[in-house]
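> Predicted structure and sequence below. I'll ask about it afterward.
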Amino acid sequence: MTLDRRDFLRLSSLASVGCCTLGATRASANNGVPTGDYKALVVIMLRGGNDAHNMLLPLSATDAYATYAATRGSLAVADTTLTVPDATIAPGANPYRGDTPLDAAQAYLAGMYALPGMPLGVNSVMPEIAQLLESASVKAVLNTGNLVGPTSKAQIEDGSADLPLFLFAHNHQRRQLELGRADQLNGPGWAGQLADRWFGAYDPAFPLGLNVSMDSASKMLTGERTTPVVLPSTGPTAFNPFAIDGAIDSNVDRLAANRRALYQYLMGDPRAPRFDDTVRPPAQDYTTRTPRSPENLFEQAYQRLGDRSDDVLAQLNDDWQATQARLAYTSADLYGNRGSDLFAIPSADDLNLELPSAFGSFIAQLAAIATMIKLASDQGYGRQIFLAHLDGFDTHSNQAETHPALLRELSLGLDKFHKAMGDLGLADNVLAYTQSDFGRTLSNNGDGTDHGWATHQLVLGGGMRTPGMLGDAPSLALGSDDDISDKGRLIPTLANDQLTATAVDWFGVTRDDLRALLPNLANFARDPGDIASALLGELLT
């Protein structure tokens with residue numbers, strides 16, 4: 001198949017074609033764009049506000065743990081110190097505490113993994129994260145949150161603090177993460193702005209632009225003249241709706257053919273096949289459709305865009321299938337799955353946990369992203385930003401029953417993704433990090449926790465070599481200088497902007513671009529004349 005990708009991408013538009021959405025980022029070259037290697041950023045949004053105080057928690061037998069236990073009440077994780085499990089355990093074995101079967105709440109509160117030299121332990125349902133922290137493949141960034149500038153309790157109380165807009169509101173706090181600034185709610189996203197700035201810097205064989213979102217579009221990835229590619233979270237199975245060059249031998253194939261026929265008809269494409277009568281009677285014979293009016297320039301451009309979108313999707317399907325065939329993971333996950341099964345989704349019996357019906361969607365997203373990374377790196381593409389999401393963290397109620405499965409999937413997913421990148425030889429070329437609306441309150445409401453502020457984040461890959469946790473662990477005492485309420489809403493000491501800036505700096509942006517993408521970053525510079533002094537310098541060491 002011959003594709004005129006250069007013309008297609010130059011149109012810089014967005015076409016929705018049933019299975020996915022393509023956004024283009026292509027025009028004239030721009031200075032200051034890194035070349036010569038492939039790098040990918042993977043931003044993982046923990047939607048709803050992750051209670052990181054029960055993900056990373058004070059070590060047992062310390063004054064900090066006693067304060068934590070008194071504050072958390074019935075949601076306190078036990079002070080039992082667990083041994084980090086070996087790299088592989090038998091399916092069905094219990095990594096949480098001995099061989100005693102535990103339900104979700106029991107496993108969640110069973111204890112923690114303590115790691116040498118680290119101030120916080122890891123929840124018992126996250127043995128993979130404990131391993132990754134121990135092996136210096138993951139670092140934790142402590143006490144982060146949306147900030148306009150450094151903020152103290154005294155400033156908040158005397159009214160001099162410049163606070164994020166609509167603090168504690170899900171949609172507004174998530175929007176500020178997407179924009180890369182806590183003082184606005186509208187405008188292009190930080191990754192979308194980067195796509196605008198790098199518009200046309202690459203001319204690869206790969207037909208997609210800089211930004212790729214799993215499942216749904218995001219403001220983070222949308223610029224003023226660029227849009228993200230949106231791919232389904234179900235992974236490679238959704239790339240088949242246009243794979244109809246051969247025999248149509250199933251109802252699914254006929255439905256796919258109908259979707260393509262309808263799309264081509266709407267584009268005015270004379271190649272459009274007719275609908276399959278066995279699925280739905282056609283309104284007319286679409287094979288008689290003629291091209292749009294040649295005197296209407298807009299219709300001509302629209303038709304060309306549609307034709308090329310159709311071709312690019314077909315090419316993407318071909319490239320996807322070829323890449324899938326080349327994938328040969330050799331590592332095993334904690335339950336011994338290896339090779340093509342590395343991203344296998346463990347069962348409730350495997351995990352000794354009660355699992356929600358949505359369990360595994362995040363793992364599937366990471367599997368799809370891994371395939372896209374392999375595809376793009378093979379094609380010689382320069383840079384990509386991916387957005388994945390794990391939903392369900394708004395744990396006002398039933399936290400002991402719902403939070404463990406979320407943490408378990410996060411731990412499993414990051415471990416599988418890390419091993420996949422290692423097998424592909426791209427572990428140092430890919431950096432993944434978590435974000436969340438906000439943290440949760442230290443106190444519980446009897447069945448869960450409420451909207452808080454500061455939280456902890458996890459960072460994976462990017463060439464880090466030394467273990468550790470960055471930032472200061474806050475006081476977990478209600479009413480402390482870190483708490484702006486009587487419920488334990490902690491003030492962040494590191495800004496989300498600083499974490500994003502460190503990732504973007506690793507990605508290769510210039511200092512001027514860094515200032516433009518994250519306008520408040522300068523407020524956190526230790527040296528006012530040096531924007532780099534706001535970065536988390538030890539993160540990727």
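That came in fine, so what should we check first?
> So for T35, what's the pLDDT?
Per-residue pLDDT puts T35 at 81.
> now do the one 3 residues further on
We have a pLDDT of 93 for Y38.
> who touches it in this structure?
376-377, 380-383, 426, 429 (CB atoms under 8 Å, 6 or more residues apart in numbering). Yep, even glycine has a C-beta here, placed from its N, CA and C like the rest.
> The same query, at a cut-off of 10 Å, please.
By CB atoms under 10 Å, 6 or more residues apart in numbering, the residues touching Y38 are 373, 376-384, 426, 429-430.
> N520 now?
146-149, 162, 180-184, 495, 497-498, 501, 534 are the contacts of N520 under CB under 10 Å, 6+ apart.
> try 7 Å
148-149, 181-183, 497 (CB atoms under 7 Å, 6 or more residues apart in numbering).
> Helices of the chain, start to end?
Secondary structure of the chain, counting by DSSP state H: helices at 5-10, 63-72, 104-108, 127-134, 153-158, 170-179, 190-197, 251-266, 297-326, 348-351, 361-378, 399-423, 496-507, 511-517.
> Let's have the contacts of N520 in TSV, adding neighbour count, distance to L133 and pLDDT.
Shown next, in TSV, are those (neighbours: other CB atoms under 10 Å; distance: CB to CB, whole Å; pLDDT from 0 to 100):
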residue	neighbour count	distance to L133	pLDDT
V148	21	31	98
G149	16	30	98
R181	24	30	98
A182	26	28	98
D183	17	33	97
D497	29	24	98
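> Looking at the helices of the chain, which is nearest to P34?
helix 496-507 (7.7 Å; CB to CB).
> could you dump that closest one to CSV, C-alpha only?
Provided in CSV are the C-alpha atoms of helix 496-507 (Å, rounded to 0.1, in the frame of the first residue of the first chain):
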residue,chain,number,x,y,z
ASN,A,496,3.3,18.4,40.0
ASP,A,497,4.8,20.9,37.6
GLN,A,498,8.3,20.0,38.9
LEU,A,499,7.7,16.3,38.3
THR,A,500,6.3,17.0,34.8
ALA,A,501,9.2,19.4,34.1
THR,A,502,11.8,16.8,35.1
ALA,A,503,10.1,14.2,32.7
VAL,A,504,9.9,16.8,29.9
ASP,A,505,13.5,17.8,30.4
TRP,A,506,14.6,14.2,30.1
PHE,A,507,12.4,14.1,26.9
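> So what touches that helix?
Contacts for helix 496-507 (CB under 7 Å, 6+ apart): 39, 41, 141, 144-146, 177, 180, 190, 383, 431, 433, 435, 457, 462, 514, 517-518, 520-521, 524, 534-536, 539-540.
> Distance from the chain centre to stretch 215-225, please.
13 Å (CA atoms, centre = their mean, to the nearest Å).
> Not counting sequence-adjacent ones, nearest residue to D472?
Counting by CB to CB, 6 or more residues apart in numbering, D472 lies nearest to T493, which is 5.9 Å off, once chain neighbours are set aside.
> Equivalent analysis for F524, please.
A534 (4.2 Å).
> Kindly provide the distance from the one you found to S331.
36 Å (CB to CB, to the nearest Å).
> More neighbours: which of these two?
Taking neighbours as other CB atoms under 10 Å, A534 and S331 compare with A534 leading, 24 against 18.
> Hmm, that one is touching A525, no?
Yes. Taking contacts as CB atoms under 7 Å, A534 lies within contact range of A525: 4.3 Å.
> Overlap in contacts, these two.
Counting by CB under 7 Å, 6+ apart, nothing touches both A534 and A525.
> ok, now which ones touch R408?
125, 351, 353.
> With respect to N211, which of those residues is nearest?
Using CB to CB, the contacts of R408 come closest to N211 at V125, 32.0 Å.
> Count the neighbours of that closest one for me.
Counted with other CB under 10 Å, V125 comes out at 31.
> quick one, what contacts it?
96, 107-108, 404, 407-408, 411 are the contacts of V125 under CB under 7 Å, 6+ apart.
> Go again with 8 Å.
Here V125 is in contact with 96, 107-108, 353, 404, 407-408, 411 (CB under 8 Å, 6+ apart).
> and what of L46?
Applying CB under 8 Å, 6+ apart, the residues near L46 are 389-390, 393, 406, 410, 434-437.
> And the pLDDT at the nearest residue to it once chain neighbours are set aside?
Nearest non-adjacent residue to L46, counting by CB to CB, 6+ apart: S436, 4.0 Å away. pLDDT for S436: 98.
> now do C19
The per-residue pLDDT of C19 was computed as 41.
> Same check on A348?
85.
> Okay, it and D333: tell me how far apart.
A348 is 16 Å from D333, by CB to CB.
> Would you mind telling me which of these two has more residues around it?
D333 (23 against 12).
> So, low pLDDT: which residues of this protein?
1-31, 87-101, 200-208, 233-314 (pLDDT under 70).
> switch the cut-off to 80
When residues are selected by pLDDT under 80, those of the chain lie in 1-32, 85-102, 199-209, 233-318, 335-336, 340, 352.
> Most neighbours among the contacts of V125, which one?
P404 (29 neighbours).
> show me what contacts that residue?
Neighbours of P404 in contact, by CB under 8 Å, 6+ apart: 104-105, 107-108, 125, 353.
> so which of those comes closest to P58?
Taking CB to CB as the measure, P58 lies nearest Y108 of those, at 16.4 Å.
> Quick check: the residue nearest to F524 touching P528?
No. The criterion here is CB atoms under 8 Å, and A534 misses it with P528 at 9.9 Å.
> Touching both of these two, which residues are there?
Contacts common to A534 and P528, judged by CB under 8 Å, 6+ apart, are A522.
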